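Engineer: One predicted model, sequence on top.
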Amino acid sequence: MKLKTHGGHPNRVMTAALWLGLGAITLSACSGGSDAADGTADPAAGGSDGTCTNTVVNPDAEQVTVWAWYPAFEGVVDLFNNSHDDIQICWSNAGQGNDEYTKFSTTIEAKSGAPDVIMLETEVLPSFIIRDALADLTPYGAADVESSYAPGVWADHSSGDGVYAIPVDGGPMGMLYRADVFEAAGIMTPPTTWDEFAAAAQQLRDSGSTALMTDFPTNGRAFNQALFAQAGSEPYVFGDTDSTEVAIDLNDDGTKKVLNYWYDLIDKGLVGTDDAFTTDYNTKLVDGTYAVYLAAAWGPGYLSGLAGADDTAVWRAAPMPQWDAASPVQVNWGGSAFAVTSQAKNPEAAATVAKEVFGTEEAWKIGIEEGALYPLWKPIAESEYFTALEYPFFGGQKINEDVFLDAAAGYEGFTFSPFQNFAYDQLTEELFAAVQGEKSPEQAADDLQGQVVDYATSQGFTVK
Amino acid sequence: MSAPTLTREPGARRRGVTQRRNLGSHTFLVLLVLYFALPLWWLIVASTKNINGLFTGTGGPLWFDSEFDLVANVRQLFSQNGGIYWRWLGNSFLYAIVGGVGATVLSVLAGYGFAKYRFRGRNLYFAVLLGSVMVPLTALVIPTFVLLSDMGLTNTIWAVILPSLLSPFGVYLMRVYAQDAVPDELLDAARVDGAGDFKTFVSVALPLLRPAIVTVLLLSTVATWNNYFLPLAVLSDTKLLPVTVGLGQWQAQSTSGAAGSQLWNLVITGALISIIPLVVSFLSLQKYWQGGLSLGSLK
């Protein structure tokens, strides 16, 4: 009996395996077919190099491999390739954020496999600079394009005398708010200072509205850091002279002031504490639970992507509230840049790609309209086209002119640490502990300071 | 209380206790079923919603929205990035089947050899093998990457397939099973009858090993299908990705993307479709799967 059962297995298993195999063949055949039928949707079918996502127009030219995750990048690459005879981009999307950094780190360890040009968030640049993973662009004419960027922005991409990346997009911050929710609560003008912001939060609650003023995510990372920076926090001094020395000041008065402010609002139940970028957070952003979305300039794109077109919500944009209305401080949340890796086969060609790929108005129109990127390239940011751009999602408001251009112009730069990921992870942990009532905001900031200093020391840095 | 009741009492009480016990365990099991099925239910419901429905829908997370967009979502899977999702799914099939079958072949050969042949250092090699069962594949990714990179194989399908061919656990399972399922007397008899080593292996040992072979095949196929970190590290060409990493990329794009690049609905519908092959193979091969699970505890 037992043998008989066993005897029954192989046929059925073989059948199943065959079936699965057939499925695989059919599926790959399907996708192959659609590739061939629709050459424009998947241009790789016509490209000379099988690993490029894009078409290489001029196969004899020097090829530069690029890792970038902008979905709207396809048109930008085509523009570059069509306008360059000597250099061609071979683009692949190697994942976004940490996925790409993991992969990049592996190639650094292996000393091979890195692309020539890589898209990185500005905040991780120091982490890769100290691993000698990025090439200094000064010998390759970085200075030629310096005047196209604001000084604060340029400083974010430099370290010591070197320039390690060409800026692309930024995240000057503003306040997006639900005008309809505010109006129902009798708040006729958006708050311009944090005191007014807190008063508006209270007024919203007193009016009987179920909406919360906004969210203070404990996993906000660069968002939280930006709020501290607005109150004068400059947590790191690094990279100017000796790259083994770093100064750390994560528990300064500005940080503590901001933390106390938010924990007071949380205590009173006026502000939510949902983690950012979760489904709950997305839902509350669009269903009116939060009256305010403190956002970077890429936020409007994110928001309108969630909300679609069917909503009755009335969204408007206003400048970030200030601690001191007389001397406003502008801050930045996120942004990305193109760096040349130290494994680049031809650093000069790679530097040309980094400098020029987002160096035309045509490229930027794709980036702005399809990618909702905020341009750091001044010729487009200051152009009539960009300043006068009306956003239907905001009822036709010219949000660049009203909010983000001023925010970008006032941004003076920020120094990140070479262990920024660790610092952010600890920040999230400490903020969460404080929200849970396990410790006071001051204690959380002090503990954070201690942990990051310990970590930096253990990594071989001299902490000043 | 009447006599008949009295005489029946012991039986009745026992039945009562049994029933109560049944009720308790049934409730517990029903709760477990709910616990395990709820995410699946959420996935099914969510895959019928468009992006607006996912976040602002009237049905809430566990019920259908007023609009039913499953078909539209599937259609969008065909059009998004030139239908690359189906390419990912095809890649997953390729990696899982080639990796799974290859790992099984190697495991059977190695396991049989360990079980039935005496050679110098056998115990040492087997101890090394057992040790490597303890090392998670994830921890080996960077050395694997360096090896592959030296051979110029990164960013090719071999970068995923070659490491997937090694299954120390499969070898271990095959050895344990072969030791008892293939009696030495039978092999001796085959040799007496004039069969060579290869003939003995194919016509005597293999049929006896079938249940274990099926188990190893399923285990290694599923492991390759679910693998995330290895393909993430060794592949950078979007067209070579398996569905796990591809969907991960779409999700990352959605968390920071602008209007046109948020693909929440595709991530969810894609996830639903990608589990169908596994569900089908689990259900249709359930019998062998269960038999296989008890293998380790056989002796």
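Structural biologist: Ah, there it is.

Engineer: Where does the prediction get shaky in the stretch 151-300 of chain A?
Structural biologist: Counting by pLDDT under 70, the ranges of the stretch 151-300 of chain A that qualify are A:240-241.

Engineer: Tell me which residue lies nearest the centroid of the chain.
Structural biologist: Went with chain A since none was named. Geometric centre of chain A, nearest residue: A:Gly334, 4.2 Å, by C-alpha atoms, centre = their mean.

Engineer: You answered for a different chain; I wanted chain B.
Structural biologist: Among the residues of chain B, the one closest to the centroid is B:Val222, at 2.5 Å (C-alpha atoms, centre = their mean).

Engineer: ok so, going back, pull the contacting residues for the closest residue to the residue nearest to the centre of chain A other than its chain neighbours.
Structural biologist: Leaving out its chain neighbours, the residue that sits closest to A:Gly334 by C-beta to C-beta, 6 or more residues apart in numbering or on different chains is A:Gly171, at 3.8 Å. C-beta here means a position set from N, CA and C on the backbone, and glycine is covered the same way. Contacts for A:Gly171 (C-beta atoms under 8 Å, 6 or more residues apart in numbering or on different chains) come out as A:Ala222, A:Ala296, A:Ala297, A:Trp298, A:Gly299, A:Asn332, A:Trp333, A:Gly334, A:Gly335, A:Tyr374.

Engineer: Just read off the phi/psi values of the first one.
Structural biologist: Dihedral angles of A:Ala222 (phi, psi; degrees, to the nearest 10) stand at phi -60, psi -30.

Engineer: With adjacent residues omitted, what lies nearest to it?
Structural biologist: Nearest to A:Ala222 is A:Trp333, by C-beta to C-beta, 6+ apart, at 5.2 Å.

Engineer: ok but the one you found is inside a helix, no?
Structural biologist: No - secondary structure of A:Trp333 (DSSP: H, G, I helix; E, B strand; the rest coil): strand, not part of a helix.

Engineer: ok, it to chain B distance?
Structural biologist: 11 Å (C-beta to the nearest C-beta, to the nearest Å).

Engineer: residues contacting that residue?
Structural biologist: A:Gly171, A:Met173, A:Ala222, A:Phe223, A:Ala226, A:Ala295, A:Ala296.

Engineer: Rebuild these as TSV, extending it with secondary structure.
Structural biologist: Output for the contacts of A:Trp333, formatted as TSV (three-state DSSP):
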residue	secondary structure
A:Gly171	strand
A:Met173	strand
A:Ala222	helix
A:Phe223	helix
A:Ala226	helix
A:Ala295	strand
A:Ala296	strand
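
Engineer: Dump those to JSON lines, plus distance to B:Leu165.
Structural biologist: Converted to JSON lines, the contacts of A:Trp333 look like this (distance: C-beta to C-beta, whole Å):
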{"residue": "A:Gly171", "distance to B:Leu165": "45"}
{"residue": "A:Met173", "distance to B:Leu165": "51"}
{"residue": "A:Ala222", "distance to B:Leu165": "42"}
{"residue": "A:Phe223", "distance to B:Leu165": "45"}
{"residue": "A:Ala226", "distance to B:Leu165": "48"}
{"residue": "A:Ala295", "distance to B:Leu165": "48"}
{"residue": "A:Ala296", "distance to B:Leu165": "46"}
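
Engineer: neighbour-wise, which of those leads?
Structural biologist: Using other C-beta atoms under 10 Å in any protein chain shown as the neighbour criterion, A:Gly171 leads these with 28 neighbours.

Engineer: do you know how far it is from A:Phe414?
Structural biologist: According to C-beta to C-beta, to the nearest Å, A:Gly171 stands 11 Å off from A:Phe414.

Engineer: got the residue ranges for the strands in the stretch 151-299 of chain B?
Structural biologist: In the stretch 151-299 of chain B, no strands are defined using DSSP state E, counting those that start in this stretch.

Engineer: in it, which segments are predicted with low confidence?
Structural biologist: In the stretch 151-299 of chain B (pLDDT under 70), the answer is B:256-261, B:288-299.

Engineer: how about the helices of it, start to end?
Structural biologist: Secondary structure of the stretch 151-299 of chain B (DSSP state H, counting those that start in this stretch): helices located at B:158-164, B:168-181, B:184-192, B:197-200, B:206-226, B:229-234, B:243-256, B:264-284, B:286-293.

Engineer: These into a markdown table, with extra columns for distance to chain A?
Structural biologist: As requested, those are arranged in a markdown table below (distance: least, C-beta to the nearest C-beta, whole Å):
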| stretch | distance to chain A |
| --- | --- |
| helix B:158-164 | 10 |
| helix B:168-181 | 10 |
| helix B:184-192 | 13 |
| helix B:197-200 | 18 |
| helix B:206-226 | 5 |
| helix B:229-234 | 5 |
| helix B:243-256 | 4 |
| helix B:264-284 | 6 |
| helix B:286-293 | 6 |
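
Engineer: Using JSON lines, lay out these together with distance to B:Lys116.
Structural biologist: Shown next, in JSON lines, are the helices of the stretch 151-299 of chain B (distance: least, C-beta to C-beta, whole Å):
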{"stretch": "helix B:158-164", "distance to B:Lys116": "26"}
{"stretch": "helix B:168-181", "distance to B:Lys116": "7"}
{"stretch": "helix B:184-192", "distance to B:Lys116": "7"}
{"stretch": "helix B:197-200", "distance to B:Lys116": "9"}
{"stretch": "helix B:206-226", "distance to B:Lys116": "11"}
{"stretch": "helix B:229-234", "distance to B:Lys116": "32"}
{"stretch": "helix B:243-256", "distance to B:Lys116": "38"}
{"stretch": "helix B:264-284", "distance to B:Lys116": "30"}
{"stretch": "helix B:286-293", "distance to B:Lys116": "21"}
